[in-house]
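Undergrad: let me see the structure of the following:
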Amino acid sequence: MSAGYKAKVSRVVGKDAADGVLASIRRILKHRDGTNGEDLYAIDLATGRTITSCVNSTVGSTVAPPAKFGEKVEAAIGDGRRVALLHNHPRSGVPSATDLLTVGGKGCDMGIIAAHDGSIYTFEKVSEPDVFYNIDNDTVDDFLILFKDEKDLLRAFSERLGFKVEHLS
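TA: You can find the predicted model right below:
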């Protein structure tokens, strides 16, 4: 991976975790290259080490980790570790409603999407959603239609859904 890509990752996760996160991104993109499949890793943000992973999903554009995955993430957070959920998006799109709900619901520090076009999305919960919005697939789909400009789209995620989303292209 290029020095520029490594710099993006380092900016997002910090230099101590960057090498481990890059290694996980390489594994994901190599494993899922040319497919519509997704892999999911829980990463310790202090070290970049993998806490647990789910790499055997057979349903396109989704990951359904076993209960053991969630238990390991909860245990790590309970031990005071900062956790990021890292996965890939074959179509290189913004976080899905499921992505947002998973990161917010598990208490993870952030989500990271390694997009197949070489860009990276990061997202973190910063507030509760606006009372007029639900975090669901319909809302995210509506935002994609309403907000053609990416800057406006990402602002809507923050102001209306309570998630700060950055796209590092």
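
Undergrad: what's near enough to touch residue 59?
TA: By C-beta atoms under 8 Å, 6 or more residues apart in numbering, residue 59 lies in contact with residue 37. In this view, the C-beta of every residue, glycine as well, is placed from N, C-alpha and C.

Undergrad: do you have the strands of the chain handy? List them.
TA: 40-44, 50-54, 83-89, 110-115, 120-125, 163-168 (DSSP state E).

Undergrad: so which of these is nearest residue 1?
TA: Distance to residue 1, taken as C-beta to C-beta, is lowest for strand 110-115 among those, at 10.1 Å.

Undergrad: angle of that closest one against strand 83-89?
TA: Orientation check (axes from the mean of the first three to the mean of the last three C-alpha atoms, to 10 degrees): strand 110-115 against strand 83-89 gives 20 degrees.

Undergrad: now do the lengthiest helix in the chain: everything it contacts.
TA: Longest helix in the chain, counting residues (DSSP state H): helix 15-32. Contact partners of helix 15-32, identified using C-beta under 8 Å, 6+ apart, comprise 1, 5-6, 9-10, 12-13, 37-39, 41, 43-50, 53, 55, 84, 86-88, 90, 112, 114, 116.

Undergrad: please state the offset of that helix from the chain centre?
TA: Helix 15-32 has its C-alpha centroid displaced from the chain centroid by 13 Å (C-alpha atoms, centre = their mean, to the nearest Å).

Undergrad: buried ones in it?
TA: Neighbour-count burial for helix 15-32, counted by 16 or more other C-beta atoms under 10 Å, picks out 17-18, 20-22, 24-25, 28-29, 32.

Undergrad: just send those residues back as TSV, with pLDDT and distance to residue 167 too.
TA: Output for these, formatted as TSV (pLDDT from 0 to 100; distance: C-beta to C-beta, whole Å):
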residue	pLDDT	distance to residue 167
17	96	20
18	95	19
20	96	22
21	95	17
22	95	18
24	95	20
25	93	16
28	92	18
29	90	17
32	87	20
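
Undergrad: distance to residue 104 added to those residues, as TSV?
TA: Listed next are those as TSV, based on distance: C-beta to C-beta, whole Å:
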residue	distance to residue 104
17	21
18	24
20	24
21	20
22	25
24	21
25	22
28	22
29	25
32	24
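
Undergrad: how close does residue 30 get to residue 1?
TA: According to C-beta to C-beta, to the nearest Å, residue 30 stands 11 Å off from residue 1.

Undergrad: understood, closing this out.
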